[in-house]
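Q: Sequence isn't available, so here's the structure alone:
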């Protein structure tokens, strides 16, 4: 995909994140503790503020604000996804 991203240090961003297999997939609500733990772990090393978060069975929506001078939302999402899906694969 050819995404266009606005890299604004200290910006507030809206994201929709979909699971690859959406049909019949309830991973996000059935294993919500994995998502919560991953978000808390990433927030400790790469801070951000959550203004809103909606978790549905196969996708989520969220509004995140990054610290002043920081625009690297991609790193945060990469780490959250890695932690969630690594933990889910072990379970």
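A: It's in. Small disclaimer: the values here were computed from a predicted structure and weren't measured. Numbering: from 1, shown residues only.
Q: For the rest of this, base every contact and every neighbour count on C-alpha atoms.
A: OK.
Q: how far away is the nearest residue to residue 31 once chain neighbours are set aside from residue 36?
A: The shortest distance from residue 31 to any non-neighbouring residue, by CA to CA, 6 or more residues apart in numbering, is to residue 88 (7.8 Å). For residue 88, the distance to residue 36 equals 13 Å [CA to CA, to the nearest Å].
Q: Centre-most residue in the chain?
A: residue 77 (4.7 Å; CA atoms, centre = their mean).
Q: For that residue, give me phi and psi.
A: Here is the backbone geometry of residue 77 (degrees, to the nearest 10): phi -70, psi -40.
Q: and it, how far is that from residue 18?
A: Counting by CA to CA, the gap from residue 77 to residue 18 is 12 Å.
Q: So, low pLDDT: which residues of the protein?
A: Residue ranges of the chain with pLDDT under 70: 1-3.
Q: relative to its centroid, which residue of it is most remote?
A: Relative to the centre of the chain, the most outlying C-alpha is that of residue 24, 20.5 Å out, by CA atoms, centre = their mean.
Q: Assumed residue 41 was part of a strand.
A: No: assessed with DSSP: H, G, I helix; E, B strand; the rest coil, residue 41 is helix; it does not lie in a strand.
Q: Any figure for the gap between it and residue 76?
A: Residue 41 is 10 Å from residue 76, by CA to CA.
Q: what about these two, which has more around it?
A: residue 76 (18 against 15; other CA atoms under 10 Å).
Q: That one is in what secondary structure piece?
A: helix 73-90 (DSSP states H and E).
Q: and that helix, which residues are buried?
A: For helix 73-90, the neighbour count (16 or more other CA atoms under 10 Å) marks 73, 76-77, 80-81, 83-84 as buried.
Q: tell me which strands and helices that helix is in contact with?
A: Secondary-structure packing of helix 73-90 (3 or more CA pairs under 8 Å, 6 or more residues apart in numbering; DSSP states H and E): helix 32-45.
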